[in-house]
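Visitor: prediction below, plus the sequence it came from.
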Amino acid sequence: MKLLSVRCNHCGAPLEIPKSARYVTCGFCDAQLAVHRSGNAYSTELLEEIKQTTDGLVRDVAQLKKSTEIEQLDREWELRQSELHIHGKNGRVSVPSKTGALFGSGFAVAFGVFWMIMAGGITFAGVGMGAPAVIGIFPLFGLVFILVAIFGGISQYQKADEYERARTRYQQHRRKLLQANAEQE
Ligand SMILES: [Zn+2]
């Protein structure tokens, strides 16, 4: 059997090993060694060090995966946000809010009621003075306005609720990923 001369990478002792050996235990210091061959040169490496390097790599990859997960989460949230944002006239973008929905539809309903009272009064007087009964439709516009305001308010309120829940989910998920990252370090 052909023997190779290598040096123990741990204690420096000269070792004679079979040419086909991939691993060897140093007879002087008991170190577990891996045999590397590059061209005609042979060297040994402590398995413990290889394991540490591998462990480090596994950690790095896991961390990389985590930060990629965070980036992806951020991207998804941005997308979801833009779906749930309210796009006003002149390109103004705002976050849907429950208070906004309540106040908005509240004002609109109040306006509808005001309209019905005003138009009702005018129509009543007009019909009394001989105007055609068809003008009785004007107060009803207020009713339509009120219904639209109520349904619009409900839909905006739901949107705001969905937005809040999506934001909470996003924040919780992100915190969890960050924590997992911190534990790995
Ligand atoms: Zn040794």
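Guide: Received, thanks. None of the values given here were measured: they were computed from a predicted structure. Numbering: from 1, shown residues only.

Visitor: helix, strand or coil for the most centrally placed residue in the chain?
Guide: Among the residues of the chain, the one closest to the centroid is residue 73, at 2.6 Å (C-alpha atoms, centre = their mean). Here residue 73 takes the helix state, with states given by DSSP: H, G, I helix; E, B strand; the rest coil.

Visitor: who are the contact partners of it?
Guide: Listed by C-beta atoms under 8 Å, 6 or more residues apart in numbering, the contact set of residue 73 reads 170, 173, 174, 177. Where you see a C-beta, it was placed from the backbone N, CA and C, and this is true even at glycine.

Visitor: give me that answer again for 10 Å
Guide: By C-beta atoms under 10 Å, 6 or more residues apart in numbering, the contact set of residue 73 is 169, 170, 173, 174, 176, 177.

Visitor: out of these, name the ones that lie in strands.
Guide: Among those, no residue falls in strands (DSSP state E).

Visitor: and the residue nearest to the centre of the chain, how far from residue 57?
Guide: Distance from residue 73 to residue 57, counting by C-beta to C-beta, to the nearest Å: 24 Å.

Visitor: mind listing the strands the worst-scoring helix or strand of the chain on mean pLDDT pairs with, and their directions?
Guide: Within the chain, no helix or strand scores below strand 86-87, which has a mean of 80 by mean pLDDT, DSSP states H and E. Paired neighbours of strand 86-87 in the sheet (DSSP bridges): strand 93-94 (antiparallel).

Visitor: residue 144 against residue 109, yeah?
Guide: No - counting by C-beta atoms under 10 Å, residue 144 does not reach residue 109; the two are 12.0 Å apart.

Visitor: so these two - more neighbours on which side?
Guide: More crowded of residue 144 and residue 109, by other C-beta atoms under 10 Å: residue 109, with 18 against 11.

Visitor: the helices in this structure, which residues?
Guide: For the chain, the helices defined by DSSP state H occupy 47-84, 98-128, 137-184.

Visitor: where does pLDDT dip in this structure?
Guide: Counting by pLDDT under 70, the ranges of the chain that qualify are 1, 184-185.

Visitor: re the thing from before, so which of the helices of the chain comes closest to residue 35?
Guide: helix 47-84 (10.7 Å; C-beta to C-beta).

Visitor: tell me how this structure divides into domains.
Guide: Following the assignment in automatic domain parsing, the chain carries domains at 3-52, 85-184.

Visitor: what's near enough to touch residue 5?
Guide: Going by C-beta under 10 Å, 6+ apart, residue 5 touches 14, 15, 16, 17, 42.

Visitor: quick check: it vs residue 167, distance?
Guide: In terms of C-beta to C-beta, residue 5 sits 67 Å off from residue 167.
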